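# show me the folded form of this:
(one chain, ligands or ions: 2)
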Amino acid sequence: MRMIGYPALDAAERPEAGAGDDAEQFSCGEHTDYGCVTLLLADETRGALQVQLKDGTWIDADPVPGAFVVNIGDMMETWTNGLWKSTRHRVIHRGEGFRVSVPFFYEPDWDAVVRPLKKCVERTGGVPLYPPVKYGDHLTQKTLSNFYSGEKKDG
Ligand SMILES: O=C(O)CCC(=O)C(=O)O
Ligand SMILES: [Fe+2]
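Ligands and ions are numbered 1, 2, ... in the order given. Okay, here's the model as predicted:
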């Protein structure tokens, strides 16, 4: 579990509402979560968390009172051989208030080797599309490459 506080930007730093995708303004750069499933509880701030659609468009994932946001993570994508995609998301907090979010990351053991499940391979053409990966290795590689601002990187 992580507890994240996003301070309000100073007025001078704050982009116009809807000013778009200036990477300098990302509070949390685009990424997919590493594990199985993430349960995210966020405060009532709107227009901060965004998820990417298949066509590349970003849409707001505004909080629903009393509900968690549930993100599929990379290991679930691997297990399902891509049937369930790991959701790419980011945070651009443009509000004037202090935003708080509390994601809980449900993850495999460090030493667990994750590979596409037989049933899912059968349902997706019979070929495993993801190589087996030790979760600890995946976590290390993602931690080093994630939470950047700027050019899109793999993962
Ligand atoms: O603060 C949020 O809404 C999302 C945070 C997040 O994506 C993460 O910590 O992986
Ligand atoms: Fe995330």
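
# longest strand anywhere in the protein?
strand 99-106 (DSSP state E).

# pull up the pairing partners for that one, direction included.
strand 4-6 (antiparallel), strand 37-42 (antiparallel) (DSSP bridges).

# and it, is it in reach of ligand 1?
Yes: with Cβ under 6 Å from any ligand atom as the criterion, ligand 1 is reached by strand 99-106 at S101, P103. C-beta: built from backbone N, CA, C; applies to glycine.

# relative to P108, which of the strands paired with strand 99-106 is closest?
strand 37-42 (11.0 Å; Cβ to Cβ).

# return the distance of the closest one from the chain's centre.
Between the centre of strand 37-42 and the centre of its chain there are 10 Å (Cα atoms, centre = their mean, to the nearest Å).

# next secondary structure after the longest strand of the chain?
Using DSSP states H and E, the next helix or strand after strand 99-106 towards the C-terminus is strand 113-114.

# quick check: longest helix in this protein by residues?
helix 135-145 (DSSP state H).

# ok, the residue of the chain found nearest ligand 1 - contacts?
Among all residues of the chain, S101 sits closest to ligand 1, at 3.4 Å; criterion: Cβ to the nearest ligand atom. Contacts for S101 (Cβ atoms under 8 Å, 6 or more residues apart in numbering) come out as M3, I4, Y6, L40, L41, A42, D43, L49, V91.

# just V102 next, same as before
M1, R2, M3, I4, L40, L41, A42.

# how much space separates it from T38?
11 Å (Cβ to Cβ, to the nearest Å).

# ok, now A61?
A61 is 12 Å from T38, by Cβ to Cβ.

# quick one: which of these two has more around it?
Neighbour tally, A61 and T38, criterion other Cβ atoms under 10 Å: the higher count belongs to T38, 24 against 19.

# now the residue nearest to the more buried one when sequence neighbours are not counted. Its backbone dihedrals?
Among residues not flanking T38 along the chain, N71 sits closest, at 4.1 Å (Cβ to Cβ, 6 or more residues apart in numbering). With angles defined as degrees, to the nearest 10, N71 sits at phi -110, psi 130.
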